[in-house]
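Colleague: After the sequence you'll find the predicted model.
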Amino acid sequence: MTERRANDKTTMERFEAIERRLTEGDDLMRQLTDGISINTAAINRVDAEAIAELVAFFSAMQGAFKVLNWIGKLAMPIGAIIGMCTAGWGAWVIFKGGGRP
């Protein structure tokens, strides 16, 4: 009978040890789940900020390309006007100075 009580005691100690380990595992799992939730929220916040910055950057670049397109459209007529003025000035210098013999 003593042996049976010893076995019962050993069995109860083992069950208590298992129960302690399960409780510790539950606590650890709760901590890990909380940590993962915090990390997920932080990642989502960083992703949202990064996407907002990229959208702002591309919007600014779109405006810059519009301005550069306008400058490009103006460059051709301005170049023609400058060329005509230079040709006229050259003709005037040749006419006034007598040009080459």
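Modeller: Cool, got the structure. It should be emphasised that the depicted structure is a prediction, and the values quoted were computed from it without experimental measurement.

Colleague: Okay, and the most centrally placed residue in the chain sits in which element?
Modeller: Nearest to the geometric centre of the chain sits A50, at 3.5 Å (Cα atoms, centre = their mean). Here A50, judged by DSSP states H and E, is contained in helix 2-97.

Colleague: what's the burial count for G88?
Modeller: 10 (other Cβ atoms under 10 Å). In this view, the C-beta of every residue, glycine as well, is placed from N, C-alpha and C.

Colleague: what's the answer for S59, then?
Modeller: S59 has 10 nearby residues by other Cβ under 10 Å.

Colleague: roughly how far is stretch 73-90 from the heart of the chain?
Modeller: 45 Å (Cα atoms, centre = their mean, to the nearest Å).

Colleague: which residues sit against that stretch?
Modeller: Stretch 73-90 is contacted by no other residue when judged by Cβ atoms under 8 Å, 6 or more residues apart in numbering.

Colleague: Can you show me the CA trace of it as PDB?
Modeller: What follows is stretch 73-90 as a C-alpha-only set of coordinates in PDB (Å, rounded to 0.1, in the frame of the first residue of the first chain):
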ATOM      1  CA  LYS A  73       8.000  73.500 -75.200                       C
ATOM      2  CA  LEU A  74       9.200  77.100 -74.800                       C
ATOM      3  CA  ALA A  75      12.800  76.300 -75.600                       C
ATOM      4  CA  MET A  76      12.300  75.700 -79.300                       C
ATOM      5  CA  PRO A  77      10.600  79.100 -80.100                       C
ATOM      6  CA  ILE A  78      13.000  80.900 -77.800                       C
ATOM      7  CA  GLY A  79      15.900  79.200 -79.600                       C
ATOM      8  CA  ALA A  80      14.500  80.300 -82.900                       C
ATOM      9  CA  ILE A  81      14.000  83.900 -81.700                       C
ATOM     10  CA  ILE A  82      17.600  83.900 -80.400                       C
ATOM     11  CA  GLY A  83      18.900  82.500 -83.700                       C
ATOM     12  CA  MET A  84      17.000  85.100 -85.700                       C
ATOM     13  CA  CYS A  85      18.400  87.900 -83.500                       C
ATOM     14  CA  THR A  86      21.900  86.500 -83.800                       C
ATOM     15  CA  ALA A  87      21.600  86.300 -87.600                       C
ATOM     16  CA  GLY A  88      20.200  89.800 -87.700                       C
ATOM     17  CA  TRP A  89      23.000  91.200 -85.500                       C
ATOM     18  CA  GLY A  90      25.600  89.400 -87.600                       C
END
